[in-house]
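S.K.: Just to be clear, the model below is a prediction. Sequence and coordinates:
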Amino acid sequence: MPRLRGRTRRVTPRTHWLLLSVLVVTLSAALLLQGYTHHMFAITSDDVTGPRGRADVVPGQVAHGGPVIADAAGSAHTARPKAGTIALTFDDGPDPVWTPRVLDVLRRHHVHATFFVVGTQVVAHPELVRRIVAEGHQIGIHTFTHPDLSRLAPWQRSLELRETQLAVAGAAGVTSALLRPPYSSENDALDDADWSVLKQADTAGYVTVLSTLDAEDWQRPGTARVLANATPHGKAGQIVLMHDAGGDRSQTVAALNTLIPRLKARGFQFTTVGAAVGMAGPVQRAGLGNRLQGIALIKMLQLGDGTIRLLGALMYAAGAISVLRAAVVLVAAHRHRRLRTGRRARPWGPPVTEPVSVIVPAYNESAGIEAAVRSLVASDHPVEIIVVDDGSTDGTADLVESLGLPGVRVIRQRNAGKPAALNTGLAAAGCDLVVMVDGDTVFEPDAVRTIVQPFADSRVGAVSGNAKVVNRGGLLGRWQHIEYVVGFNLDRRLFDLAECMPTVPGAVGAFRRRALLALGGVSDVTLAEDTDLTMALCRAGWRVVYEEAAVAWTEAPASLGALWRQRYRWCYGTLQAMWKHRGALVQGGAAGRLGRRGLLYLLLFQILLPLLAPVVDVFALYGLVFLDPLRITALWLAFLLLQLLMGLYAFRLDGERPGPLWSLPLQQFVYRQLMYLVVIQSVFTAVSGSRLRWQRMERYGTLRAPAGAETPGEDRPPRIPA
């Protein structure tokens, strides 16, 4: 993890976005192809669906001719198998269970047949296609996804045939001119729509192969019925339609074992379709180009299959992690509430009344510094207020001095960064208890008094207050308000209960000055100095707690760009701090609790879970298009309901009205994607070793001092002299 020393140059890696874009495009193409090939059409049976249409344009010589049809686009003619010849044909394969059994029967009886293969099955089982060819059988095309070609647009028909041909070329190194359209039957069943398919196929170089005997094994009527359907009644040559895939084909295998020897005994000869009608070489060796394209197609579809399996596993993992987090934080929040506010709740100890030093680091904070300082002056606890102007160029220091507020001291220094400003304030502080406040934060009058009460326990070294979003208008403000209440505050309750608080926010946090000085002050080696400091305190043996009643109001980013910059800094700084304090994983005591509880929680729920979030979105889109949209929608609604329940409980704990939660569904489509892109960017930045400079958030001037803060009253506690 890179160190940050003083001013660091900003180097933002760009290459990873190009790589990520390429990955997204490639993944999208693979998923679209995989979804089309596996889910657009279902392989059911070879039954002809729907009523037969008009047959006005089907030539009479075809309707009453032989089952092999050539030159459909020109002067169509047909051919019949020679007398005494049987051409066994098998559709819908290859199948890993039934095709090998069919091949075993054929080999045992020394019979060759013709297999009309489906492209998706070829991709899934290319080794079976190679076996079919190697054992002397003939390959035919049965489309790629087994659709009714007559219902498709011409470009889809071409795609179906071309992709199947490429798959066969890639799997076995051959191409075939034989085509059997799915759901086809005998010649007299052809209608005008079917004839348009045959003419287009002829233009593409295919000869159509229908059947003369349908075993109807797809209906599984029983072995005896299959055998009877496949048995000719005379000596005429036959093309027998059977299946080696698409379901349980045990009856087909059993019928074959009887059919072949029985027909041989009657004098029939078994051969392929091409040999039965005297075709010259319908199956040819594939050219190098087709073979390479076929191999690429197979690999791409296999990659898509593997990707879908991986996405499914990751989606379930993300879902399990989300449910686990929800359960853990809700149980922890309920227990934390009982321990802090229930009837059995115990106070930290005697009331803490000693004065407090409030340090306000400020760099170009003129938009909100007056409201921040006036709110601190209005505190109902004795405070000294130290504003450290870190080289502001907008008159921040002059503005504070012009207010003439009692107990407020301004220290000017050259711009050196927020950690340096905090250390300057620590050195000047006159109290052992210090509160650190961002210059864009307004305190409630009782916030300082409330946040220091846990210091009655000598083990407590730092206290996190409750930061709330003040500019909640608009969707972006509402979403951040929800995140602060539901995400940050629920987590803090869990961390408090588990004694592994990783972050006291810079907006509202209290510390023991001597504990910070023992650490050497605030470190500047990370961009999340608050997280780094909190982790260091935990590792030093101090307890860090959460005081939800210490409320402060802070400005949240009002644009997506500002939000990106803020969260990018937070996430990247947190990664730096986690890496810096990774040794806590193997330590004991308070450090071990931070490492094995806090750091692992951050890794699991704030790093890995956001990285898995895109998987959920991609799989949801895939499911809506290609799977069961009702089921996918139900899962999404269940996930949203879980978040809503968490939100309602968190808002209740924080005393907030639940109205903003109406925007929670919309948050899933913009805000969540932005947050996981921030994590991706941060991880790449960290892995690449790039350095990131401090990024100050734009101020909007929406903060207002609490009523009565303008003129300090005489009944307030005395100020500590500056």
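M.R.: Arrived safely, thanks for sending. Numbering: from 1, shown residues only.
S.K.: where does this protein dip in pLDDT?
M.R.: 1-20, 23-24, 38-52, 342-346, 688-722 (pLDDT under 70).
S.K.: report the longest strand in it, please.
M.R.: strand 543-554 (DSSP state E).
S.K.: Direction included, what does it pair against?
M.R.: strand 441-443 (antiparallel), strand 460-469 (parallel) (DSSP bridges).
S.K.: after it comes which helix or strand?
M.R.: helix 560-580 (DSSP states H and E).
S.K.: counting contacts, what elements does that next one pack onto?
M.R.: Counting contacts by 3 or more C-beta pairs under 8 Å, 6 or more residues apart in numbering; DSSP states H and E, helix 560-580 is packed against helix 474-482, helix 529-539, helix 671-688. Using the backbone N, CA and C atoms, a C-beta is placed for each residue, glycine as well.
S.K.: so what secondary structure elements neighbour the helix or strand following it?
M.R.: With elements assigned by DSSP H and E, the helix or strand that comes after helix 560-580 is helix 589-593. With contacts taken as 3+ C-beta pairs under 8 Å, 6+ apart, helix 589-593 sits against helix 529-539.
S.K.: ok now the helix it packs on, how far from the chain's centre?
M.R.: For helix 529-539, the separation from the chain centroid amounts to 31 Å (computed by C-alpha atoms, centre = their mean, to the nearest Å).
S.K.: For it, C-alpha coordinates in PDB please.
M.R.: The C-alpha coordinates for helix 529-539 follow below in PDB (Å, rounded to 0.1, in the frame of the first residue of the first chain):
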ATOM      1  CA  GLU A 529      -6.400   9.900   8.700                       C
ATOM      2  CA  ASP A 530      -9.500   9.300  10.900                       C
ATOM      3  CA  THR A 531      -9.600   5.500  10.200                       C
ATOM      4  CA  ASP A 532      -5.800   5.200  10.500                       C
ATOM      5  CA  LEU A 533      -5.900   7.000  13.900                       C
ATOM      6  CA  THR A 534      -8.800   5.000  15.200                       C
ATOM      7  CA  MET A 535      -7.100   1.700  14.200                       C
ATOM      8  CA  ALA A 536      -3.900   2.800  15.900                       C
ATOM      9  CA  LEU A 537      -5.700   3.600  19.100                       C
ATOM     10  CA  CYS A 538      -7.400   0.100  19.100                       C
ATOM     11  CA  ARG A 539      -4.000  -1.500  18.500                       C
END
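S.K.: Identify all contacting residues around that helix.
M.R.: Defining contact as C-beta atoms under 8 Å, 6 or more residues apart in numbering, one finds that helix 529-539 is touched by 418-419, 422, 436, 461-462, 500-506, 509, 511, 515-516, 519, 522-523, 525-526, 544, 573-574, 576-577, 580-581, 583-584, 587, 590-591, 593-594, 598.
S.K.: And the residues you listed, which of them are buried?
M.R.: 418-419, 422, 436, 461-462, 500-506, 509, 511, 515-516, 519, 522-523, 526, 544, 573-574, 576-577, 580-581, 584, 590-591, 593-594, 598 (16 or more other C-beta atoms under 10 Å).
S.K.: I'd say residue 269 and residue 88 touch.
M.R.: No - look at residue 269 against residue 88 with C-beta atoms under 8 Å: they stay out of range, at 11.4 Å.
S.K.: ok, the two, which is more surrounded?
M.R.: Applying other C-beta atoms under 10 Å to residue 269 and residue 88 shows that residue 88 carries more neighbours, namely 29 against 16.
S.K.: quick one: strands adjacent to the helix or strand hosting the more buried one?
M.R.: Assessed by DSSP H and E, residue 88 sits inside strand 85-93. Paired with strand 85-93 in the same sheet, following DSSP bridges, are strand 114-117 (parallel), strand 238-243 (parallel), strand 269-271 (parallel).
S.K.: what's the next secondary structure element after the second one?
M.R.: If you walk from strand 238-243 toward the C-terminus, the next helix or strand you reach (DSSP H and E) is helix 250-265.
S.K.: in that following helix, what counts as buried?
M.R.: 251-257, 259-260, 263.
S.K.: So which of those is the closest to residue 622?
M.R.: Checking those against residue 622 by C-beta to C-beta gives residue 252 as the nearest, at 34.4 Å.
S.K.: So the closest one sits against residue 241, correct?
M.R.: No - Residue 252 lies out of contact with residue 241 (C-beta under 8 Å); the separation is 10.9 Å.
S.K.: Need the overlap of contacts for those two.
M.R.: residue 215.
S.K.: Provide a list of residues in contact with residue 436.
M.R.: Applying C-beta under 8 Å, 6+ apart, the residues contacting residue 436 are 358-359, 361, 422, 425, 506, 509-511, 530.
S.K.: Kindly report the same for residue 511.
M.R.: Residue 511 neighbours (C-beta under 8 Å, 6+ apart): 433-436, 461-463, 504, 533, 537.
S.K.: On the three-state scheme, the residue nearest to residue 136 when sequence neighbours are not counted is what?
M.R.: The shortest distance from residue 136 to any non-neighbouring residue, by C-beta to C-beta, 6 or more residues apart in numbering, is to residue 112 (5.2 Å). Put simply, residue 112 is coil when judged by DSSP: H, G, I helix; E, B strand; the rest coil.
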